[in-house]
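Participant: Please work out how this folds:
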Amino acid sequence: MVGVFLPAKFSKHFTCWNQLLSLMFGQLSNRESLRDLIVALDAHHSKCYHLGMGRNVSRSSLARANGDRDYHIFEAYAYYLVNEARQKRVTDIFKLGGNVYAFDSTTIDLCLSVFWWAKFRKKKGGIKVHTLYDVETQIPASFHIIEASVHDSKAMNEIPYESGSYYIFDRAYNNFKMLYRIHQIGAYFVVRAKKNLQYMPIKWKHRLPKNVFSDMTIGLTGFYPKQYYPEPLRLVRYWDEEQKREFVFLTNARHISALQVAELYKKR
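Facilitator: Predicted structure coming up:
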């Protein structure tokens, strides 16, 4: 597998496995630079071979490997480990018959003079890491990295959707074209509605549980939302006693209760 990505002269003495373990050591020991990592490895030189890092890890060989080697081999191994971990932590908290995922992003600041391609603001650089998080196993299922200047909803295209699963989003992901795609493949979503949502009530439920202000079927009336999502949606208004605030959710899951809709979002 290594030979697919690497010339033999590079993989003979400092393999991808040696490289991965060296970088893991640097991450776990909180090294701040490549030079700092090599100094720490030199301090444990006699142990490196037995730990699988190779007989000698030099700054030049590690820097060359980081610059020349294809990252896909490490990405594939990471997803293999993620899948193994998820299988060992399989649970069924919600009893819904499908996986429950939360999707959100976090912004990581970068030095603009070094990462010039990651321009975020006038004098600031950054990237966004979008994570698809398996709520029941509490393990991330996939990751997607984009420039911080790109709107969050654009990353919805990268989600590996599964029929029968549930996807929980915050307000930034009111992308009705992608939400309709989720609906079409037989999956379900719960997303917080924006305050300026334009819609027309179609049908109301009259007997509502505690803290549920309304549970109705609606049709979108905004010009583009109506075209992107032409079918009826379900809108749930819920009062959260802990936070003392109202939440408004949109979902295509009509077979679950309004309290389950609120609980799905709460667990994210």
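
Participant: Write down the beta-bridge partners of residue 192, one by one.
Facilitator: Beta-bridge partners recorded for residue 192 (DSSP bridges): residue 249.

Participant: how about it, what does it touch?
Facilitator: 169, 170, 171, 247, 248, 249, 250, 265 (CB atoms under 8 Å, 6 or more residues apart in numbering). C-beta coordinates here come from the backbone N, C-alpha and C atoms, glycine included.

Participant: is it true that the first one touches residue 188?
Facilitator: It refers to residue 169. No. Taking contacts as CB atoms under 8 Å, residue 169 lies outside contact range of residue 188: 11.5 Å.

Participant: Looking at the two, which is more packed in?
Facilitator: A count of neighbours by other CB atoms under 10 Å puts residue 169 above the other of residue 169 and residue 188, at 27 against 23.

Participant: so what's the nearest residue to residue 52 once chain neighbours are set aside up against?
Facilitator: The shortest distance from residue 52 to any non-neighbouring residue, by CB to CB, 6 or more residues apart in numbering, is to residue 21 (5.2 Å). Counting by CB under 8 Å, 6+ apart, residue 21 touches 51, 52, 53.

Participant: from the residues you listed, which would you call buried?
Facilitator: Applying 16 or more other CB atoms under 10 Å to the contacts of residue 21, the neighbour count classes residue 53 as buried.

Participant: Which of the contacts of residue 192 sits closest to residue 156?
Facilitator: Lowest distance from residue 156 to those (CB to CB) belongs to residue 169, with 8.1 Å.

Participant: Just give me the neighbour total for the residue lying closest to the closest one once chain neighbours are set aside.
Facilitator: Using CB to CB, 6+ apart and skipping the chain neighbours, the partner closest in space to residue 169 is residue 191 (4.1 Å). Applying other CB under 10 Å, we find 25 residues neighbouring residue 191.
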